[in-house]
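Chemist: sequence and predicted structure, then a few things I'm wondering about:
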Amino acid sequence: MFQKNGLLQTEEKNDALLKMAEALEQNSRFILQENQKDLDTGKEKGFSEALMDRLMLNEERIHEFAESLRLVTRLTDPVGEILDEWTLDNGLHVKSRRVPLGVIGMIYEARPNVTVDAAGLALKAGNSVILKGGSSAISSNKAIVSVIHEALDQTKIPRDAVQLIEQTDRSSVQAMFQLKEWIDVLIPRGGASLIKTVVEESTIPVLETGTGNCHVYVDQTANVKKKAIEIVINAKTNRPAVCNALETLIIHRDWLKENAASLNEALQEHRVTVHGDQAAESYFSNAVPAGEVDWTDEYLSLDLAVKVVDSIEEAISHIDQYGTKHSEAIVTEDEKKCTHVSKRSRCGSRLP
């Protein structure tokens with residue numbers, strides 16, 4: 001299975017991804033029916049608003065799944081890319097070339113979108129993938145994978161290249177940790193406890209991802225007319241339950257003195273609860289005192305930690321201490337500060 005995928009041509013892999021995208025859109029009604037079963041179970045179990053949001057699908061989100069697969073077809077095929085080459089003194093010519101990883105095990109929580117993302121990226125890179133999603137999304141994941149299988153049956157890629165573990169008990173996850181003869185690498189995607197468990201207990205190599213305690217720093221040069229406040233509101237409220245949502249807002253004191261009223265009004269309008277340090281409490285009318293947990297944990301809700309600083313170095317120091325190296329942003333008109341943050345940041349995504 002894996003060997004065959006690694007030998008496929010780029011056009012053959014892209015054809016499979018396009019057929020998967022089309023099938024997801026054509027079978028959206030079936031997927032939504034199955035997703036409703038997960039939502040009903042979630043309501044019965046009292047799932048949080050954040051968890052229900054991650055779990056919920058609609059026509060727009062399924063269309064986004066399909067578009068993400070189409071986007072992957074436009075990415076350069078990494079298989080066979082020559083990274084470096086040289087000739088040894090004895091005349092032997094050596095090339096360093098990208099090859100598929102093999103069989104990827106993906107362990108994740110209540111995120112049906114990961115089922116599509118993982119399948120698409122794995123197949124494009126010539127890999128096979130074994131999916132272990134959270135029990136709360138089992139009906140959604142089974143529906144999505146069944147649609148993917150029907151699409152793959154019309155392509156050069158065998159349906160078994162994408163497999164879903166349907167057992168929902170924890171023992172199935174523990175069993176995956178021991179399958180080093182069958183799985184080449186594990187990738188956990190989810191909260192800190194999930195990632196920690198996989199890293200500490202797996203006998204298989206692990207590609208560790210970061211949890212999403214994400215920061216936005218508003219510099220004293222940030223221009224309100226150029227959407228500084230809109231950036232903050234969008235980063236916090238558009239999808240507060242996703243891992244790259246804004247959790248801590250760091251604001252330069254000089255900017256806050258001039259724009260506190262407008263920012264406070266916008267946050268209240270969007271029902272955002274501010275958890276502020278001592279300085280922030282004096283600017284935000286309904287702020288509650290921030291404790292250590294407000295700097296360390298994800299809210300995944302309409303709560304926002306706010307810290308006031310007097311310099312960019314103080315902001316970077318806070319991010320270095322509490323950030324998870326996921327996604328950070330600076331809002332500024334000073335290009336040198338953008339460059340400074342990019343060089344200092346070790347996160348996966350930087351948005352200067």
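Modeler: That came through, no problem.
Chemist: how close does residue 129 sit to residue 123?
Modeler: According to Cβ to Cβ, to the nearest Å, residue 129 and residue 123 sit 8 Å apart. For glycine as for every other residue, the C-beta is placed from the backbone atoms N, C-alpha and C.
Chemist: anything in contact with each of these two?
Modeler: Common neighbours of residue 129 and residue 123 (criterion: Cβ atoms under 8 Å, 6 or more residues apart in numbering): 161, 162.
Chemist: mind showing which ranges of the stretch 201-350 of the chain have poor pLDDT?
Modeler: 210, 225-226, 342-350 (pLDDT under 70).
Chemist: can you rerun that using 90?
Modeler: In the predicted model, the stretch 201-350 of the chain carries pLDDT under 90 at residues 208-213, 222-227, 238-244, 282, 285-286, 297-301, 320, 322-330, 332-350.
Chemist: isn't residue 309 right next to residue 255, touching?
Modeler: No - judged on Cβ atoms under 8 Å, residue 309 makes no contact with residue 255 at a distance of 10.2 Å.
Chemist: any idea which helix or strand comes after the helix or strand harbouring residue 317?
Modeler: Element membership of residue 317, judged by DSSP states H and E, is helix 312-322. Counting by DSSP H and E, the element after helix 312-322 in chain order, helix or strand, is strand 327-331.
Chemist: can I get that following strand in CSV, CA atoms only?
Modeler: Output in CSV follows, covering the C-alpha atoms of strand 327-331 (Å, rounded to 0.1, in the frame of the first residue of the first chain):
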residue,chain,number,x,y,z
SER,A,327,1.1,31.4,16.3
GLU,A,328,2.0,34.9,17.3
ALA,A,329,1.3,38.4,15.7
ILE,A,330,2.5,42.0,16.0
VAL,A,331,0.4,44.9,14.9
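Chemist: can you list the strands that it pairs with?
Modeler: Strand 327-331 sits in its sheet next to strand 214-218 (parallel), strand 349-351 (parallel), going by DSSP bridges.
Chemist: all strands for the stretch 201-350 of the chain, in order.
Modeler: Per DSSP state E, counting those that start in this stretch, the stretch 201-350 of the chain carries strands over the ranges 214-218, 246-252, 273-276, 288-289, 303-309, 327-331, 349-351.
Chemist: could you save these as a markdown table and add columns showing mean neighbour count and distance to residue 91?
Modeler: Below are these laid out as a markdown table (neighbours: other Cβ atoms under 10 Å; distance: least, Cβ to Cβ, whole Å):
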| stretch | mean neighbour count | distance to residue 91 |
| --- | --- | --- |
| strand 214-218 | 25 | 52 |
| strand 246-252 | 25 | 57 |
| strand 273-276 | 20 | 66 |
| strand 288-289 | 12 | 71 |
| strand 303-309 | 23 | 59 |
| strand 327-331 | 25 | 48 |
| strand 349-351 | 15 | 44 |
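Chemist: dump those strands to JSON lines, plus distance to residue 262.
Modeler: Shown next, in JSON lines, are the strands of the stretch 201-350 of the chain (distance: least, Cβ to Cβ, whole Å):
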{"stretch": "strand 214-218", "distance to residue 262": "12"}
{"stretch": "strand 246-252", "distance to residue 262": "12"}
{"stretch": "strand 273-276", "distance to residue 262": "14"}
{"stretch": "strand 288-289", "distance to residue 262": "21"}
{"stretch": "strand 303-309", "distance to residue 262": "15"}
{"stretch": "strand 327-331", "distance to residue 262": "14"}
{"stretch": "strand 349-351", "distance to residue 262": "22"}
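Chemist: pull the contacting residues for residue 331.
Modeler: 216, 217, 218, 219, 222, 228, 231, 232.
Chemist: hmm, try it at 7 Å
Modeler: Residues near residue 331 by Cβ atoms under 7 Å, 6 or more residues apart in numbering: 216, 218, 219, 222, 228, 231.
Chemist: got it, and residue 19?
Modeler: Contacts of residue 19 were listed using Cβ under 7 Å, 6+ apart, and they are 151, 154, 155.
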